[in-house]
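A.B. asks: generate a structure from the sequence data that follows.
(one chain, ligands or ions: 1)
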Amino acid sequence: MEKVSILLIGIGGYGTNYIKELTEKNVTSAVIAGICEVMPDAEEKFPAIKERGIPLFETPEEFYEGHRADLAVISTPIHLHFNQIIACLRHGSHVLTEKPVCTSVEEAKELLAVEAETGRFVSVGYQLNYSGDVLAMKRDILRGRFGRPVAFKALHAMSRGENYYKRNNWAGKIRVGGYMVNDSPFNNACAHQFQNMTFLLGDSMDRAAQLSEVTGELYRANSQVENYDTAAVCARTKEGVPIYYYTSHALKAKKLGPVSEFLFDKGTIYYGKDFGQGPVMEYVAVMKDGSQYSYGQIPKGERLQKLYDAIECVRAGGHPVCTIQCAVPHLEAVNSLVQLSVVQLQEEKLEYVSEDGDRFCRILNLEDVFNRCYEEQVMPSEAGAGWDS
Ligand SMILES: NC(=O)c1ccc[n+]([C@@H]2O[C@H](COP(=O)([O-])OP(=O)(O)OC[C@H]3O[C@@H](n4cnc5c(N)ncnc54)[C@H](O)[C@@H]3O)[C@@H](O)[C@H]2O)c1
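C.D. replies: Below is the predicted model of the structure:
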């Protein structure tokens with residue numbers, strides 16, 4: 001069968017993973033048909049472009065004037081996804097877009113309509129959804145192995161300093177040039193654990209659970225950030241399952257978690273739990289009858305399984321598992337949080353540290369507060385964080 005031709009849109013940030021995968025590994029099923037990138041030194045940074053004679057453009061429209069692609073892979077800033085996805089679908093390409101799929105539910109509905117009209121798929125790059133262990137766990141959840149879901153929670157925070165926020169014109173921003181961005185740890189770097197909980201609670205393999213309410217507490221440690229950099233979120237699915245999530249970029253440690261706990265009436269699935277010999281970074285189900293089962297033995301697949309799944313669906317038909325609908329509950333949660341006010345932490349609650357050529361703003365007691373919040377399923381104000389005074 002012919003190779004799947006791929007248009008890569010945005011290769012400088014996360015998109016580097018895709019160009020490297022396709023040029024440095026022996027991927028026999030696909031070929032890069034073109035690249036869209038606006039950074040001036042793309043050809044110097046990626047010698048493979050010249051070596052392989054890959055045509056380089058600034059916009060998808062310029063590419064499609066003289067070329068075609070079976071699949072477009074979009075790794076551009078969040079607020080550009082919507083228009084680029086539409087352009088690619090209308091020019092006959094299937095799409096794998098990085099998360100979030102777009103920035104409003106109205107846009108997501110329009111994407112669904114254009115997806116149906118063009119007969120091309122849009123898959124979204126929440127990589128946990130493509131992982132073999134997560135998929136096996138979801139199958140088990142759907143066939144009732146753990147009984148009824150009761151409450152889900154996760155904690156994942158990653159330290160980010162000035163360099164992260166300065167790398168582009170949209171990091172930490174609410175709006176850019178008239179477009180909503182809503183960049184935050186919840187919408188971007190630490191989006192996965194929350195989205196994955198909605199995915200696992202979905203009523204079929206390719207659906208995420210719809211949410212009926214979303215509330216939380218939002219904080220800003222780093223005053224250079226326009227949006228929030230710390231969030232505690234409490235959502236509830238339409239079926240009434242509460243989902244708690246805690247995330248931040250303003251912590252002393254490099255990272256906290258990911259840890260998660262999915263409580264069902266027949267048992268609990270843990271990730272990152274310490275059973276006595278250090279945290280186990282696998283999903284482990286502990287049933288009420290005392291039996292245990294680890295999903296660690298199930299192959300996860302490739303690191304960029306989402307790319308290989310998209311290539312396979314172009315070749316064989318079908319739709320990759322992370323559909324537009326799978327991205328919508330997370331998108332709705334991001335947009336619900338916009339309604340909440342962001343509390344700026346006072347200076348005495350913070351410390352500033354220069355390290356490894358970067359400068360970090362950190363909340364002094366974040367680790368303690370988040371660990372307590374996670375244990376007790378409460379908000380920072382309820383855990384006595386003292387962040388609002
Ligand atoms: N799945 C993951 O784990 C993961 C991790 C990081 C980022 N992401 C996602 O990847 C996307 C990009 O994030 P990033 O951190 O790489 O952003 P970035 O700003 O660091 O990089 C974006 C790249 O797109 C290019 N670009 C900008 N405008 C463009 C345009 N109009 N046409 C073509 N290229 C353009 C930039 O030059 C740059 O190379 C976001 O949606 C983000 O959420 C996903």
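A.B. asks: so which bits of this protein are right by the ligand?
C.D. replies: Residues of the chain found near the ligand (CB under 6 Å from any ligand atom) are 9-15, 36-39, 75-78, 80, 98-99, 125, 127, 167-168, 188. (Glycine included, C-beta is placed from N, CA and C.)
A.B. asks: give me the distance between the closest residue to the ligand within the stretch 251-389 of the chain and Tyr126.
C.D. replies: Here the stretch 251-389 of the chain gets closest to the ligand at one residue, Lys306, 8.2 Å apart by CB to the nearest ligand atom. Noted for Lys306: a distance of 8 Å to Tyr126, by CB to CB, to the nearest Å.
A.B. asks: residues shared between the contacts of the two?
C.D. replies: Listed as contacting both Lys306 and Tyr126 by CB atoms under 8 Å, 6 or more residues apart in numbering are Cys322.
A.B. asks: ok, then the element right after the lowest-mean-pLDDT helix or strand in the chain?
C.D. replies: When each helix and strand of the chain is scored by mean pLDDT, DSSP states H and E, strand 179-180 comes last, with a mean of 93. Of the helices and strands lying after strand 179-180 in sequence (DSSP states H and E), the nearest is helix 191-200.
A.B. asks: what distance separates whichever helix or strand comes after that next one from the centre of its chain?
C.D. replies: As assigned by DSSP H and E, the chain's next helix or strand after helix 191-200 is strand 211-220. Distance, stretch centre to chain centre, for strand 211-220: 17 Å (CA atoms, centre = their mean, to the nearest Å).
A.B. asks: quick one: buried residues of the helix or strand following strand 211-220?
C.D. replies: With elements assigned by DSSP H and E, the helix or strand that comes after strand 211-220 is strand 230-237. Neighbour-count burial for strand 230-237, counted by 16 or more other CB atoms under 10 Å, picks out 230-237.
A.B. asks: just the C-alphas of strand 230-237, formatted as PDB.
C.D. replies: This file holds the C-alpha atoms of strand 230-237, laid out as PDB (Å, rounded to 0.1, in the frame of the first residue of the first chain):
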ATOM      1  CA  THR A 230      -2.400  26.900  40.200                       C
ATOM      2  CA  ALA A 231      -5.800  25.300  40.100                       C
ATOM      3  CA  ALA A 232      -7.900  23.000  42.200                       C
ATOM      4  CA  VAL A 233     -10.900  21.700  40.200                       C
ATOM      5  CA  CYS A 234     -14.000  19.800  41.300                       C
ATOM      6  CA  ALA A 235     -16.200  18.600  38.400                       C
ATOM      7  CA  ARG A 236     -19.200  16.200  38.400                       C
ATOM      8  CA  THR A 237     -20.200  14.000  35.500                       C
END
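A.B. asks: list the pairing partners of that strand within its sheet, with orientation.
C.D. replies: Sheet pairing of strand 230-237 (DSSP bridges) gives strand 211-220 (antiparallel), strand 242-248 (antiparallel).
A.B. asks: which helices and strands does the helix or strand that contains Glu21 pack with?
C.D. replies: Using DSSP H and E, Glu21 maps to helix 16-24. Packing partners of helix 16-24 (3 or more CB pairs under 8 Å, 6 or more residues apart in numbering; DSSP states H and E): strand 4-9, strand 30-36, helix 48-51.
A.B. asks: how about those, which one is nearest Leu337?
C.D. replies: strand 4-9 (27.7 Å; CB to CB).
A.B. asks: ok, and what's touching that closest one?
C.D. replies: 15, 18-19, 22, 29-37, 60, 63, 67-76, 84, 88, 93, 311, 314-315.
A.B. asks: list the neighbouring strands of it plus their orientation.
C.D. replies: Applying DSSP bridges to the sheet, strand 4-9 is found paired with strand 30-36 (parallel), strand 71-74 (parallel).
A.B. asks: and the ones you listed, which is most packed in?
C.D. replies: Burial of the strands paired with strand 4-9 is given as mean neighbour count (mean count of other CB atoms under 10 Å); strand 71-74 ranks first at a mean of 29.
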